[in-house]
Each structure stands twice: as structure tokens, then as C-alpha cells.
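Trainee: Provided below are the primary sequence and the corresponding predicted coordinates.
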Amino acid sequence: MVNIIVCIKQVFDPEAPASAYKIDAEAKRVILKGIPPVLSPFDENALEAALRIKDAHDSKVTVLSVGRNLSKAVLMKSLAVGADELLLLEDGAFEEMDSYATAFTLASAIGKLGGYDLILTGREAADTNAGTVGSGIAEILGIPSITIVRKVELDDGKVIAERVVSDGYEVIETPLPSLITVSNELGELRYATVKELVASRNKPIMTWNAQELGVEPPQVRQARLLSLFIPQKENRCEIVGGETAEEMGANLALKLRAAQIL
Amino acid sequence: MSDGIKLDTRLYNFTTRCVRCAECTFGYKDAEFELFCPIYKKFNFFTYSLGGMAQLARALHEGRIDLTESVSEILYKCTSCGACAEVCAEVDFRDMMELQHELRARCVEAGQVPFTHMAVIESLKKDDNVMQKPKAERGKWAEGLGVKDITKEKAEVYYHAGCKYCFDEELWPAARSAVNLLRRAGIDLGIAGKDETCCGGHAFELGYQGEFIKYAENNMEMLKTAGIKTLVTSCADGYYAFKVLYDMLGKKGDLEVLHITEYLARLIKEGRLKPTKSVAMTATYHDPCHLGRKVEPWIRQEGKLKAGEIYQPPRDLLNSIPGLKFIEMRRIKENAWCCGAGGGVIDAYSDFALWTAGERIEEAKSIGAEAIVTACPWCKRNLNDAVKESNGGLKIYDIVELVEQAL
Amino acid sequence: MSDVDLLYNELLSAFPEERVSRDQAILTSYATDLSSPPGVATLPALVVLPKTTDEVKSLLVAANRFKVPVVPMSRGSNIAGLAVPHKGEVVVDLRLMNKIIEINTDAAYAVVEPGVTHHQLSLAASKKGFINHLPTATGGGSSVANYLMRPSGNLSAKWDPDPVLALEVVTPGGDIIRTGSASFGTAGWRARYGPFPDLTGLFACSYGTLGIVTKMSVKLHDRGEEERLLITKFDSFPPALEYMKLIVRRNLADSVTFWNWVWNLFHELMVSKSQKLPEEMMKEDQRTPPPGMPFGIASARLSGYKEVVDAQEKTCIRLARELGGEHMPQEEIKATHPGTWAYLNSFFVEGIHLKPGEESTMRAALWLPGWLINAEPSGILKLEEEMWDFARREAKPPYMFRVLPFNHAREFFFAFVILITGSLDEEKDYMLHLRSAYATLYHELLAKHGAVMFRFRRDPTFLALTGPYGELLRKIKNLVDPNNIMHPGVNLF
């Protein structure tokens, strides 16, 4: 049986309209009224990758999430679509961790769980877009990792992955256990029916706090939030003139070259 | 574990000033003591009332209770019909509605919402409707009508069908009737067909305010591009969303929003439509909350928003139909008994929704009505399902269908 | 298992699951009322919703066996902590016992359960040509609870001040006792007194400490062919008091109540549904009304045959004039104080609260810490002076008072209220301060003017002042409720 661990971050819905976001600059806090927490979209892709492996091989999929105020109802979606168990690392100390602390905590939990073959994460979280936790976990656990993957297959104790590069993809093979960060090209997470959502309530959920996890979460944050603001976007519109269509086209090309776009 | 809920001072004051009289649960006009709060009548604990929820909200604010699953369940079992705030004369209607909007938004932020609502919203995000149906099927209801598409042609008046009419095949005839009637009266009408999207009102009522904003912005953008000044809809929820919620958000602008019953009553008054054929039946009218209480307060209170309850137009329509004997139930207008579908109850607690509708059907039967006429697709669907469950005995009509029959 | 667990398990066999709860979310809404300071609340152990006397009995027997205390709760506004748990009690929510068992037009009484509201009873009685003893309490209040706590009754002058006849009470021992004529199985519910000592009276003002009342018969009054509201205005309190005294002593009106000017502005506010106080109400010197307003008005309900009512009205007007007061014709008061007219007319003439909840309108828009106290007329006159002093010392405007005579000048009672308009958070300290100032004041007024608190205010030192009377009561309490499970948090015993 293949033992797969998928790390999922709970983030506020990144698809919420920009006008629904407000910033409390003083408290360095984002105010999100009536915006739900969701599974970070790239992590959903990672879960889908795990479920596809499970479709083909006898596997157990464990979903792992860390934070404070985690919503079981939201994370249970992973159980509804086919994950086998959910492990929540929940503690006040796990609030607003930076990438290193997150990777450290997740790696500790994975170490404690043991017996894993494959670890999957999204290529990056939809809120911070740092994209370093996955590689961080692999580093701490001392296993190989492949980032930004669009396809994963298992073959006789090896994993074969297609890694997205700017002009195509590379095929990479590595032995298990290993870690893969998944990109959106892999495909969307399957839907859960209401029936599956209801049934998922009977699947096991474990919760560990810092003490149960048995680690001191790193006290020293490697990253600190200095300020929070909504960037001012400026749109400028310039009408490119000309007597004829050809002339307008030529003028536009000149402008674009001047702007070093062409 | 929750961070607790902090209410603003006005809402918190409201919660501390409840004297627990529980008058929010019953009407006062009839000595028969008919409770008119569906959840209270069904579940009996004081908790299931405006007063009870005020105490609960107070406890949340004071950190005496967390936003647990069972708190959330209580909040979401409410049909959000607003009957309580009509009787609780001492509170501003807005306080009550805003308290509920606030608490539900917090439930959403905490991920503490019914599963079924999550599924509804997920499908909304993917397919732009709350019926969990594929987007591509949205325009099917209007096939063969040959009505203008406002995304391609200019039209004076825009008809918004709404998710329920678009995807519930049994309800198509009412939407088609509406279009036919308006065109027959010479209105230059357009629809958006498959490009129509949800108004977002349902998302708002479930607490997904962010999602609501998205739809409000999209819809207003589309209407602006099409140069639409007047919107008419058959959907009561849609009417509430465009007229009240968009205004609350500051997005409505000067868009004229009409419910089909208002528009038809106006056209009949002006002689542009003349019901002449007899529709023989004894019928009563069920007031949808979204055409009554929920749009009324914005005029009654000092708030800036201007809406208006629609109590008279549907009654005028029924009275204009030859052969139809219109009779009233006891709980009407601002004291109407909810059909049970509202506030997402039909999605999450469908048994309770049906029970509530069953109570309404009994009331209609008790006054000798052969049919309940309503002007909201959600009410019609829920009442119809409840009739089927209780082996018939009564017919449910959309008011527009009856008007078309009479022409 | 704890006693509460044991009780809960036992109750699950006697009650359907949907009528007994220990869900924290359900319990929380039963934990607080208007008197609860921010953040302070005691959760009930359980909430139970009985529907029948037998269910109340099985509940009390079980609670008594496991020695878990209970708090009965019916309907109406809860503003003084009398129906919330103080020690983790079981809350017995009686609102599903809401049947009017009988309206007896022959002997003019009604039999009701504790969940029946004044409003419900008024409407039912009205349909048969009767009016119930309608107090100035909320229309949503339970008739049983309100009458047993002695309401500020408006029909108190001409009729018997106490409308309560016979009771059905369940004791913690599980006995179902019927009092008055109902104590004999065949005599019906018509009378309070029989050949034996009156046990109905034992349960009045017992605040749920002796048992749970499950039925009550109450007196109804004939509406008469004519019902009229008579308003007279006065420029000061002493002549108004004299006027009221004479009216009740000479049986000229069904009831009469005096309202000072602040209260009248308040009626306007209630009917307008506005939550904004008029500026005149905030003036420093509340003893002097704003220009154009009388100091206060007396409202009297007159009913009966038309000729008689005409004569009574004429006599009342003469009496008022002789005392320096003046009649306010309907047209005048409708023009100058439409809200006062609408409220008083609906209340005192139609016998129906304008809308249930109007009374609580005041409470929702504002905080109203206040009390009712009774004394002889001479004592009442002194109370007015005392209260101006107290107000200068302790109160921020607006504050207001109201006076009702309680039958043939035996007792008059004086209600004093301070309006607090800020939020609970802002005014918490002031509220707590007032609470203790009031507690001291009750003792002072009793010592100086023989004025007695109308209702018990959870002050355990009060019963001790009564000496052997209190001791006898304690003995009775021990006999009826040896485990002290009945509403111990009320601090009566």
C-alpha cells in the first residue's frame, strides 16, 4: 500500500472580489467580511494528484494541515472527495508562522506519523505565494523533491513526474519516499457530492496541539510582517494616433519598442 | 477554537436590551395565538427565536460561548423570514436583519456553515448559479421564445429570470409566461439567456458576503454595458437582492427594479393587458418574505435605502382575474407565515422547510382555498413539494401563470 | 455520573428528546436577562419544556430525588434576574403550557396555564364581553406569573385588587395541590376562599420557591355598555394624589393612575417607535415640566351603563376642579399628546396593549432600572419628596414616576424609574451603583415612611425584618421543599 501525505493550507478564498478586502494597517490584518476559508487551490491540485494515484494503486491518503482556528468543516472536504484521514495541527503557537516554521512543524508531524512513501503539497499557497514550504519539508526530512509538477505516476517504488518549465516540461524520476509540489496544470480537484460530504463525517479526524506533536514550534520567526497595504494600481490609457490603419499600426509598434516590450 | 465574535456597539446594545418577552415568536392580531416564527414553533426552545438568538449573540460577543457547530446550526435553521422583527416593535428591523447577516458572515469566515451551503457556494463559483446545475443550461428556459439578448442587442427593459426559474424545469412556464405577457403589452424586452448570472442574493443570505459582492459587481457591469435602466424579475429573492442588497452595497445606482407583479398590475391598470377569460377557482395568496417584510423596512426606518413592500399588486392581479375567488388567510402581509424555504433552510434542512410549508398548506385548506398562489419560485417549489408529500388536495400556482390564463 | 447527569438520563425517559436539552448553545440563551451585567452569566444545568401538569410533576420529583435545583420560567419580560439561573439550576420553560382551559361567563372567571399571556387572555375574554385584570405589564407577560407577583393592576380601584382565585400547584414532593374552591373536586374554579385558611395566598409572591403553578383561575370583569378614558391634568402632585384617593374611596372609576410629565413624553416615544429621546426629557430640573405641559395627568377608566358613566365622569371632573386640577377633553389630549392618548386608550379602555411589546419598547430603547413601592397616601406624598432628593443625589435625567392606588386607598403604590440611554458596556458601573443605592433606599423608606417594596428584590435580609412571620414562612418552606430545590437563587429564604 502506498502511504501518501498531502499537506493542505487553509486560506481565505483567493477568488473573493478585490472590493471585499479591507486592510487594518495598524493591526497589520486583512479584514475579510463574509469570505470563507477554503483549501488553497494548488493544495487542492496536490490532493487530486494523490487521489489519482489512489485510483490506480492501493493507497492511503492522509491530509495534514497546520494553523490556528482551522475549520473542520472546510478541511473535511478533503475527506469527502476521497482522502482517508485528516490530521490537524492546531495550536495558538501555530498562528501566522512563516515558511520555515511551517515546514518545520509539518515535517515534525510527518516524522511522527512515519511510514510515508510520498508527500504532496501545492506549488505555493494562494495567500502568501511563497512556494517554499514544500521544498523546506523535503530538506528537513532529507528526502528528494520535485517542484511544480503537472503529472505524477508511480512505478515500482519510483515516482515519475512531469515538471513544468517555461517552454514545456521535464520528466523526472526519483525513488520513494519523496516530496512533490503540484501545479494547477495537473487538474482541478474532483467534486464531492452532498452525500459524500455527509458520509465524510464518519471518517477519522485527529488533532494534535504543540504538546501532543512533541515539538517546540520555532520561536524565532525567520520572516516578520513589517507593513500591510493594498498596492495602488495605476492604469494609463494612451490612444495611438495615425492617419491610416497602417500608420496607426506602425506607431503602436514604435511605442511598444520604446517601452521595450517588442 | 474560535477567536470569538465582536459585534459593533449598536448591535451589541440590541442584544443586551432584549427582555426575553419572546413576543418575537407570535402574531398579535388573533386570539388563537398562532405562533408565526417557524423555528420557534418547530423547535420550541427560546433559543430558536429572535430573542434567543440575541442572547446567543450577546454570549458570543462577551466570549461566553464559541461559535460551535451547534450555535451555527441554530443560526442556519432560521428561515430568515423577518416575522420576528415585525412584532418586536422596539427594535429597528435593520438591527435584527443585520445581526443575522453579521453572525452568518462570521460563520462563513470561521468555516462553520452547513455542508450543503458549502456545496451550493462551490457550484455557484463554478457555474454562476445556486441550483448546482451546469452553466451551459442556463438559457434553456427561453428557447424558442425569440426574445432579444441584451448582450447582443439593445432593449429597454431587462428581464432577469433568476437561478430558480432557469434551472427548475417545472417552473419554466411561469418565466415564459412573464416574457410573453410583457411583450404582449408592447414592452421592448431583453434577457441575458445563458449569460445571465446569479444575483448573489442567496450567497449574501448564507453569509457569503464576498461572493455576493462579486455577483453584484458583475451584474451591474453587464447592465451598464447593455445600457439597461429598468430591470424586472419574477424572482422574489432577485427582487430583494437588486432592490435592497445592491443598494446597501452602494451598487444599485439609479437602476429601476420591479417585480413582475408590480409591473403586470401597472400594465393592467393602464389597460395594456386585459384579463378577460374566466379562471374559475377559489385561491388564496401567500406573501413571499422577499416581497414583503424583507423589503419593507428600508422605507419604514430612517435608513437611506428606498424599497417598498409588494403586498397590494399581487392582490390586485388576483382580483382582476375573472372567475377567480380570492380569499385571505389569517397570517398575511407583514405577519405572513414563511413558506420555509428561505435563508438557505431549503438547502440545509429540507425536512424543516417542508414542515413549514405544510403548516401553510393547512392554513390555506382551513379557509377553504383550492389553490395557493404565490409570486416567488422558492415558495412555489417548496409549497409544491409539501403538497406532493401530503398527497395533494391543493394546487400551487405562480401568479403569472394565472394572469396569462386569463388573457 | 453527576447528579445532573443522572437527572438528565431520567428526564430522557419522561420527556421526548426535543423537549429537554443540555446543549450549551440552547442553555446559553436562558442564561441572561436584562439585569445581567456584561460577561456575567450562569448557565442552566438543563432546560426542560413540560406540556402537562404530570410532566411538571415527574420533573420535580426527579429533581428533588437528585437534589438538583430548578427555576420556573413562564412568559413576559425578564428584567430583574427572577427567571434566570444563579446556581446552575434546571430552567423549567413553561411556555408550551399555553392553553386557556375555560372562560366561564356565568361566574366570570377564566382558567389558564402559565404559558398564557395577558394579551391572549384579553382577546379571548374580550370576545365574550369581558375584560381581564389588565396590568401595566407587557401584553406578552404570563397572566399566571404576573398576577402571582402582584401586578400593577389597572382595574384595582373598583374591583378587588387581586384577580387570583384558585390554583393548581405541583410541589417538589410531587403533590398536585388545588387551592380555593378547586380544592374540592366538584366545586370548580370560581372562588378564592373556602372554609379553610387561604393557600392561594401562600403561593402569591413566592416566586417559584414553593412549587410550580400549573393552572390558575382568574377573575374577569364585565366590560359594560360604555367604556371611557377620562384624563385630568394637575400642576403638582399633592392635589393629584388627593383626587385619586377620593376617586377610589368613593368608587368612581375602575382604575386611576397618575403619570408625571416625563412619563407622558415617554408614551409619545413608545408609540412613535423612535429610539431617540426628546430633548425636553433631558432637562436637569425634572420637577418642573417644560412650558405648555402639565406636571402630570391622571388617567381613569370608567365603565358600566352609559348614564352611570356620564354621571361618574361629571363627578370626577368636578372633583378635579375643586382640587385645582383640570379636565383634558379627548380632542385636547389627542392634539397635544397623541401617543399618550393612543397608548392609554388602547390599554385602559380597549383592554388591549397597543401591540404586545409596546411595554418592552421602553426597555429596549432604554434601560429602566426602577421599582414599585407601596405606602399609605401620606407616605406616598413623602415618597415624592424623597425621590426628588434621591434623584438630585444619584440620578441622571430623565427619571420619572407613576402612582397607582390599589383599592380603596388601602395601599397606594409609587413607581420610580430612571432611564439609562447608554450601552450596557458604558453604563455598567452606573447600573451597579444604582442597584446598591436602591437596596439601601428600600430599607430607609421602610423605616422612615412605612413604604414596603412591592416585589422582592433578591435581598435576603428583608424577610428577617418580619420576625416570627418570616420564621413561620421558613418552617413552611422546609416542609414543602426540604431539599431547597425550588429557585434557591432568588434568595427569598
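Mentor: On my side now, so go ahead. Residues are numbered from 1 along each chain as shown, chains lettered A, B, ... in the order given.

Trainee: hey, let's count contacts and neighbours off CA atoms from now on
Mentor: Fine.

Trainee: what sits against residue A:256?
Mentor: Each residue near residue A:256 by C-alpha atoms under 8 Å, 6 or more residues apart in numbering or on different chains is listed here: residue A:262.

Trainee: measure it to chain C for me?
Mentor: Distance, residue A:256 to chain C, by C-alpha to the nearest C-alpha, to the nearest Å: 62 Å.

Trainee: ramachandran angles for that residue?
Mentor: phi -70, psi -40 (degrees, to the nearest 10).

Trainee: same check on residue C:130?
Mentor: Residue torsions, per degrees, to the nearest 10, at residue C:130 are phi -120, psi 160.

Trainee: can you give me the helices in the stretch 201-350 of chain C?
Mentor: C:237-249, C:261-272, C:306-322, C:330-336, C:338-344 (DSSP state H, counting those that start in this stretch).

Trainee: save these as JSON lines, and put in mean pLDDT and distance to residue B:151 too.
Mentor: Listed next are the helices of the stretch 201-350 of chain C as JSON lines, based on pLDDT from 0 to 100; distance: least, C-alpha to C-alpha, whole Å:
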{"stretch": "helix C:237-249", "mean pLDDT": "93", "distance to residue B:151": "75"}
{"stretch": "helix C:261-272", "mean pLDDT": "80", "distance to residue B:151": "49"}
{"stretch": "helix C:306-322", "mean pLDDT": "97", "distance to residue B:151": "74"}
{"stretch": "helix C:330-336", "mean pLDDT": "92", "distance to residue B:151": "59"}
{"stretch": "helix C:338-344", "mean pLDDT": "87", "distance to residue B:151": "55"}
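
Trainee: closest to residue C:418 out of these?
Mentor: Across these, residue C:418 has its closest neighbour in helix C:261-272 (10.5 Å, C-alpha to C-alpha).

Trainee: could you pull out the buried residues of that closest one?
Mentor: Neighbour-count burial for helix C:261-272 flags C:261, C:262, C:263, C:264, C:265, C:266, C:267, C:268, C:269, C:270, C:271 (criterion: 16 or more other C-alpha atoms under 10 Å in any protein chain shown).

Trainee: before we move on, what about stretch C:200-209?
Mentor: C:200, C:201, C:203, C:204, C:205, C:206, C:207, C:208, C:209.

Trainee: got it, and stretch B:359-366?
Mentor: Quick answer for stretch B:359-366 (16+ other C-alpha under 10 Å): B:359, B:360, B:361, B:363, B:364, B:365.

Trainee: do stretch C:44-54 as well
Mentor: Buried, per 16+ other C-alpha under 10 Å, within stretch C:44-54: C:44, C:45, C:46, C:47, C:48, C:49, C:50, C:51, C:53.

Trainee: again with stretch B:162-170
Mentor: Those would be B:162, B:163, B:164, B:165, B:166, B:167, for stretch B:162-170 by 16+ other C-alpha under 10 Å.

Trainee: for stretch C:76-90, same thing?
Mentor: For stretch C:76-90, by 16+ other C-alpha under 10 Å, it's C:76-90.

Trainee: wait, does that stretch contact chain B?
Mentor: Yes - counting by C-alpha under 8 Å from any C-alpha of the partner chain, chain B has neighbours in stretch C:76-90: C:76, C:77, C:78, C:79.

Trainee: surely the last one meets residue C:37?
Mentor: It refers to residue C:79. No - with contact defined as C-alpha atoms under 8 Å, residue C:79 does not reach residue C:37; the gap is 11.6 Å.

Trainee: SS state for the most centrally placed residue in chain C?
Mentor: Residue closest to the average C-alpha location in chain C (C-alpha atoms, centre = their mean): residue C:151, at 3.6 Å. What DSSP: H, G, I helix; E, B strand; the rest coil gives for residue C:151 is coil.

Trainee: near the closest residue to it other than its chain neighbours, how many other residues are there?
Mentor: For residue C:151, ignoring the flanking residues on the chain, the nearest one in space by C-alpha to C-alpha, 6 or more residues apart in numbering or on different chains is residue C:135 at 5.8 Å. Around residue C:135 there are 23 other residues, counting by other C-alpha atoms under 10 Å in any protein chain shown.

Trainee: doesn't residue C:400 belong to a strand?
Mentor: Yes - applying three-state DSSP, one finds residue C:400 inside a strand.

Trainee: so it bridges to which residues?
Mentor: residue C:417 (DSSP bridges).

Trainee: the one 4 residues further on too?
Mentor: Under the criterion DSSP bridges, residue C:404 forms beta bridges with residue C:413.

Trainee: any stretches of the stretch 1-150 of chain A with poor pLDDT?
Mentor: For the stretch 1-150 of chain A, no stretch has pLDDT under 70.

Trainee: show me what residue of it gets nearest to chain B.
Mentor: The nearest approach of the stretch 1-150 of chain A to chain B comes at residue A:34, 4.1 Å away (C-alpha to the nearest C-alpha).

Trainee: isn't that residue right up against residue B:210?
Mentor: Yes - under the criterion of C-alpha under 8 Å, residue A:34 makes contact with residue B:210 at 5.5 Å.

Trainee: and residue B:42, what does it touch?
Mentor: Taking C-alpha under 8 Å, 6+ apart, one finds nothing in contact with residue B:42.

Trainee: quick one: secondary structure of the one residue in the stretch 51-200 of chain B that gets nearest to chain A?
Mentor: Closest contact between the stretch 51-200 of chain B and chain A, by C-alpha to the nearest C-alpha, is at residue B:105 (4.1 Å). Secondary structure, three-state DSSP: residue B:105 is helix.

Trainee: rewinding a little: would you turn the buried residues of stretch B:359-366 into TSV with secondary structure, pLDDT and distance to residue B:257?
Mentor: Below are the buried residues of stretch B:359-366 laid out as TSV (DSSP: H, G, I helix; E, B strand; the rest coil; pLDDT from 0 to 100; distance: C-alpha to C-alpha, whole Å):
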residue	secondary structure	pLDDT	distance to residue B:257
B:359	helix	93	32
B:360	helix	95	29
B:361	helix	95	30
B:363	helix	93	32
B:364	helix	95	30
B:365	helix	94	34
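
Trainee: and the residues you listed, which two are furthest apart?
Mentor: Among the buried residues of stretch B:359-366, B:359 and B:365 lie farthest apart (C-alpha to C-alpha), at 9.9 Å.

Trainee: burial count for residue C:246?
Mentor: Counted with other C-alpha under 10 Å, the neighbours of residue C:246 add up to 16.

Trainee: can you tell me how far it sits from chain B?
Mentor: Counting by C-alpha to the nearest C-alpha - residue C:246 and chain B are separated by 36 Å.

Trainee: returning to that earlier point: just the residues of stretch C:76-90 next to chain B: which are in helices?
Mentor: Counting by DSSP state H, no part of the residues of stretch C:76-90 next to chain B is found in helices.

Trainee: out of those, which is nearest to residue C:400?
Mentor: So of those, ranked by how close each gets to residue C:400 (C-alpha to C-alpha), first place is residue C:79, at 18.0 Å.

Trainee: so who does the residue lying closest to residue C:260 once chain neighbours are set aside touch?
Mentor: Nearest non-adjacent residue to residue C:260, counting by C-alpha to C-alpha, 6+ apart: residue C:296, 4.0 Å away. Contacts of residue C:296 were listed using C-alpha under 8 Å, 6+ apart, and they are C:233, C:234, C:235, C:236, C:237, C:258, C:259, C:260, C:261, C:264.

Trainee: and for residue A:204?
Mentor: Residue A:204 neighbours (C-alpha under 8 Å, 6+ apart): A:84, A:85, A:86.
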